[in-house]
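**Student:** What follows is a protein structure lacking sequence information:
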C-alpha cells in the first residue's frame, strides 16, 4: 500500500511525495528504514529528524545495503525500467 510521505533524496535532491513498500505487506516506514530513490537509484535512510525526511546511510548501513539480495535485485530492476523509459 502506498503511503503519502514527503521526502527529498539527499543524493540527487529529487522530491518524493509517497513511499511504497517492496513487499506485499502493508508497512509504514519508520526511522532507520532504507528507501530507494526512483530518480537516482540510491538507497536513503528514513529519518524524521532530518529536514529532508531522509539521510544518506552511514558507512556501516551502506555496507549492509550493498550486500542485501533484495537491494541488488531492486537496483537491477530500477536500471532496466530507467532504460525503457528513456
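**Tutor:** That came in fine, so what should we check first? The structure displayed is predicted, hence computed values, not measured ones.
**Student:** Next one: residue 86 from residue 80, what distance?
**Tutor:** According to C-beta to C-beta, to the nearest Å, residue 86 and residue 80 sit 11 Å apart. (C-beta placed from N, C-alpha, C; glycine too.)
**Student:** between those two, who's got more neighbours?
**Tutor:** Using other C-beta atoms under 10 Å as the criterion, residue 86 and residue 80 rank with residue 80 on top: 10 against 4.
**Student:** Return the residues in contact with the more buried one.
**Tutor:** The contact partners of residue 80, by C-beta atoms under 8 Å, 6 or more residues apart in numbering, come to none.
**Student:** which stretch of helix or strand covers it?
**Tutor:** In the assignment (DSSP states H and E), residue 80 maps to helix 69-85.
**Student:** for the helix or strand of the chain with the lowest mean pLDDT, packing partners?
**Tutor:** One helix or strand of the chain scores below all others by mean pLDDT, DSSP states H and E: strand 3-8, with a mean of 84. Secondary-structure packing of strand 3-8 (3 or more C-beta pairs under 8 Å, 6 or more residues apart in numbering; DSSP states H and E): strand 15-19.
**Student:** Nice, that's everything, thank you.
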